[in-house]
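Participant: Sequence first, predicted model second:
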Amino acid sequence: MQFSVWIEAARLRTLPASLVPVLVGSSLAWKHGLFHWPATLVALSCAILIQIATNFANDYFDFRNGADTTERVGFTRASASGEIAPNVMLGAALSTFFLAFLLGLFLVFHAGWPVLVIGILSITCGLLYTGGPFPLAYNGLGDVFVFIFFGLVAVMGTYYVNAQQWAVQAFWGGLAVGALSTMILAANNYRDVHTDRKVNKKTLVVLLGERFTRWQYLLLALLAFAVPPHFYFRESYDSAILLPMILILPAAFLVHRFWTESRKEQFNQILVRTAQFMAAFGILFSLGIVLSR
């Protein structure tokens, strides 16, 4: 079995969804003089492991549920293609979740029981995203899960393990990050709408239509861009916090392509570009936080 198959199954192209929240949360802790590098490093490791484990679990459960058919235009799924046996994929998912839990125990001892609650909820929802009797992604709740856990929870949780206290700025930062993460999911689900509809996978685009998802993608981008000005006008950060605004033009081109592209196979590239946009926004936003006086 080739290592590259596991790399593809991990979907590393979407890792900004786990990297950016930790970057933003730890930057806010740095700004407040509460940065703790061991906690940040462990939080980053846990976030990456939970995302990879969730991707492995999705690979397994989507195959078991019949969602990954030969008609699918998305990236190759290892279980469906036969490159990795389904039981091996499930074992990899559970093992990766367990490793994240073990690493997270350091954060529990460092910052207390709230981290344990966050960790257990994150792992449970990662499994229930496509697994269990009521899989979130199959019942229109995938976007809610991603917005909350890859946005609000991830940013606020990262800040908390550094500072051992909560901050409203982490909530606002979590809104931007959650919006960006959900944009990635929107591109993914828009691409798969036809095959998802056939297997009764009720994503938001299946339930509410392609027009809704085009507006969703636009409004999520606008929400992300609304956060830096909030920090500038309401949180007394200086103009450095507005660094992400230089991405407005590239974002506009991305939104325009999302709205006008009719070939679903092209949404593989749009998904990758959305993840790259999230990474660029997260880096600039974090840099703005650190540089602001």
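Facilitator: Yes, it's here.
Participant: So which bits of the helix or strand hosting residue 53 are buried?
Facilitator: Using DSSP states H and E, residue 53 maps to helix 37-64. For helix 37-64, a neighbour-count test (16 or more other CB atoms under 10 Å) marks 39-40, 42-64 as buried. The way it works is simple: take the backbone N, C-alpha and C, and place the C-beta from them, glycine included.
Participant: Does anything pack onto the helix or strand just after it? Which helices or strands?
Facilitator: Following helix 37-64 in sequence order, the next helix or strand is helix 78-81 (DSSP H and E). Applying 3 or more CB pairs under 8 Å, 6 or more residues apart in numbering; DSSP states H and E, we find helix 78-81 packed against helix 3-10, helix 37-64, helix 86-111.
Participant: Could you dump the ones you listed into a markdown table with mean pLDDT and distance to residue 268 added?
Facilitator: Shown next, in a markdown table, are those (pLDDT from 0 to 100; distance: least, CB to CB, whole Å):
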| stretch | mean pLDDT | distance to residue 268 |
| --- | --- | --- |
| helix 3-10 | 92 | 12 |
| helix 37-64 | 97 | 15 |
| helix 86-111 | 98 | 21 |
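Participant: what's the closest of the ones you listed to residue 195?
Facilitator: Among these, helix 37-64 comes nearest to residue 195, with 10.3 Å by CB to CB.
Participant: Between the helices and strands packed on helix 78-81, which one is closest to residue 180.
Facilitator: helix 37-64 (14.1 Å).
Participant: what's that closest one packed up against?
Facilitator: So helix 37-64, by 3+ CB pairs under 8 Å, 6+ apart, packs with helix 3-10, helix 16-31, helix 78-81, helix 86-111, helix 113-128, helix 153-163.
Participant: can you redo the ones you listed as CSV with mean neighbour count?
Facilitator: Formatted as CSV, the helices and strands packed on helix 37-64 follow (neighbours: other CB atoms under 10 Å):
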stretch, mean neighbour count
helix 3-10, 15
helix 16-31, 26
helix 78-81, 20
helix 86-111, 18
helix 113-128, 18
helix 153-163, 26
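Participant: Can you say which of those helices is nearest to residue 281?
Facilitator: helix 16-31 (7.6 Å).
Participant: and the angle from that closest one to helix 153-163?
Facilitator: Helix 16-31 and helix 153-163 are oriented at 30 degrees to each other (axes from the mean of the first three to the mean of the last three CA atoms, to 10 degrees).
Participant: can you map out the strands along the stretch 151-293 of the chain?
Facilitator: With DSSP state E, counting those that start in this stretch as the criterion, the stretch 151-293 of the chain has no strands.
Participant: Find the residue ranges of it scoring beneath the pLDDT cut-off.
Facilitator: Nowhere does the stretch 151-293 of the chain drop to pLDDT under 70.
Participant: What segments of it are helices?
Facilitator: For the stretch 151-293 of the chain, helices defined by DSSP state H, counting those that start in this stretch occupy the ranges 153-163, 168-191, 193-198, 204-208, 210-234, 248-260, 267-291.
Participant: Quick check: which of the ones you listed is buried the most?
Facilitator: helix 153-163 (a mean of 26; mean count of other CB atoms under 10 Å).
Participant: how far out from the middle of the chain is it?
Facilitator: 15 Å (CA atoms, centre = their mean, to the nearest Å).
Participant: Now do it and helix 168-191, the angle between them.
Facilitator: Using the same axes, to 10 degrees: helix 153-163 against helix 168-191 is 150 degrees.
Participant: For helix 153-163, name the packing helices and strands.
Facilitator: helix 16-31, helix 37-64, helix 86-111, helix 113-128, helix 168-191.
Participant: Format the CA atom coordinates belonging to it as PDB.
Facilitator: Provided in PDB are the C-alpha atoms of helix 153-163 (Å, rounded to 0.1, in the frame of the first residue of the first chain):
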ATOM      1  CA  VAL A 153     -14.700  26.100  19.200                       C
ATOM      2  CA  ALA A 154     -11.200  25.800  17.600                       C
ATOM      3  CA  VAL A 155     -10.300  29.500  17.900                       C
ATOM      4  CA  MET A 156     -11.800  30.000  21.400                       C
ATOM      5  CA  GLY A 157     -10.400  26.700  22.600                       C
ATOM      6  CA  THR A 158      -6.900  27.500  21.300                       C
ATOM      7  CA  TYR A 159      -7.000  30.900  23.100                       C
ATOM      8  CA  TYR A 160      -8.200  29.200  26.300                       C
ATOM      9  CA  VAL A 161      -5.500  26.600  26.400                       C
ATOM     10  CA  ASN A 162      -3.000  29.400  26.100                       C
ATOM     11  CA  ALA A 163      -4.600  32.000  28.500                       C
END
